[in-house]
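1. Build me a model from this:
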Amino acid sequence: MSDQDFVRVLFVCMGNICRSPTAEGVFRHRVRNAGLADRIETDSAGTHGYHIGKGPDQRSQAEARNRGIDLSDIRSRRVKASDFSYFDWILAMDRENLSILESESPDAERHKLHLFLKFAPDLPEEEVPDPYYGGERGFVHVFDLIDAAAEGLLDTIRRQHGLR
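-> Residues are numbered from 1 along each chain as shown. I've put the predicted structure just below:
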């Protein structure tokens, strides 16, 4: 299998403990269920290094477990310069983080940057809100948004990369 047959996807939020690890876990789950784990690599990172090495927020993990998804192996890291060339798709959870990514990305790699909810066009929201300072319900809502976008993203990647 050549590098062209392999797709790499990076999910990005601010601290990489709520939204982006949830997106990584949900998307990874969908990829496995589609039988594409050997063709699509997933990862997540933050634009800030607040929580490097820590696992996802316990509330994110609890909501994921409620839906049969395990996030426990994910560890927070900061976006690094090599991510822009390594990954084929870089999905920001909100405009603020997209703006940070755009400012750090080489011009030749900017086409890889997208708002994640762009892949769920039927949703009224355009950004995944940060649930960190909110209650449990915020994590449920974020999970619902992420799940819808993960489905659309996988469909898009399958079409654009010819994956069945």
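2. same for the longest helix along the chain, what does it pack against?
-> When secondary structure is assigned using DSSP state H, the longest helix within the chain turns out to be helix 136-161. Packing partners of helix 136-161 (3 or more CB pairs under 8 Å, 6 or more residues apart in numbering; DSSP states H and E): strand 7-13, helix 19-33, helix 58-66, strand 89-92. No exception for glycine: its C-beta is placed from N, CA and C like everyone else's.
3. For whatever helix or strand comes next after the third one, which outside residues touch it?
-> Under the assignment DSSP states H and E, the closest C-terminal helix or strand after helix 58-66 is helix 83-86. Among residues not part of helix 83-86, those counted as contacts by CB atoms under 8 Å, 6 or more residues apart in numbering are 8, 10, 45, 90, 104, 105, 106, 109, 112.
4. Now do the contacts for residue 69.
-> For residue 69, the contacting residues are 25, 26, 29, by CB under 8 Å, 6+ apart.
5. Distance of it relative to residue 39?
-> 20 Å (CB to CB, to the nearest Å).
6. ok, back up a step: can you pull the buried residues of the longest helix of the chain?
-> Using 16 or more other CB atoms under 10 Å as the burial criterion, the residues of helix 136-161 that qualify are 138-139, 141-143, 145-150, 152-154, 157-158, 161.
7. repeat for stretch 43-55
-> Of the residues in stretch 43-55, those with enough neighbours to count as buried (16+ other CB under 10 Å) are 43, 44, 45, 46, 47, 51, 55.
8. With pLDDT and distance to residue 81 added, can I get those in a markdown table?
-> Written out in a markdown table, the entries for those read as follows (pLDDT from 0 to 100; distance: CB to CB, whole Å):
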| residue | pLDDT | distance to residue 81 |
| --- | --- | --- |
| 43 | 98 | 15 |
| 44 | 98 | 17 |
| 45 | 98 | 12 |
| 46 | 98 | 15 |
| 47 | 98 | 13 |
| 51 | 93 | 20 |
| 55 | 97 | 25 |
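9. Now, the residues you listed that are in strands?
-> Secondary structure from DSSP state E places 43, 44, 45, 46 of the buried residues of stretch 43-55 in strands.
10. From what I see, the last one and residue 20 are in contact.
-> Yes: with the criterion set as CB atoms under 8 Å, residue 46 and residue 20 qualify as a contacting pair; they are 6.6 Å apart.
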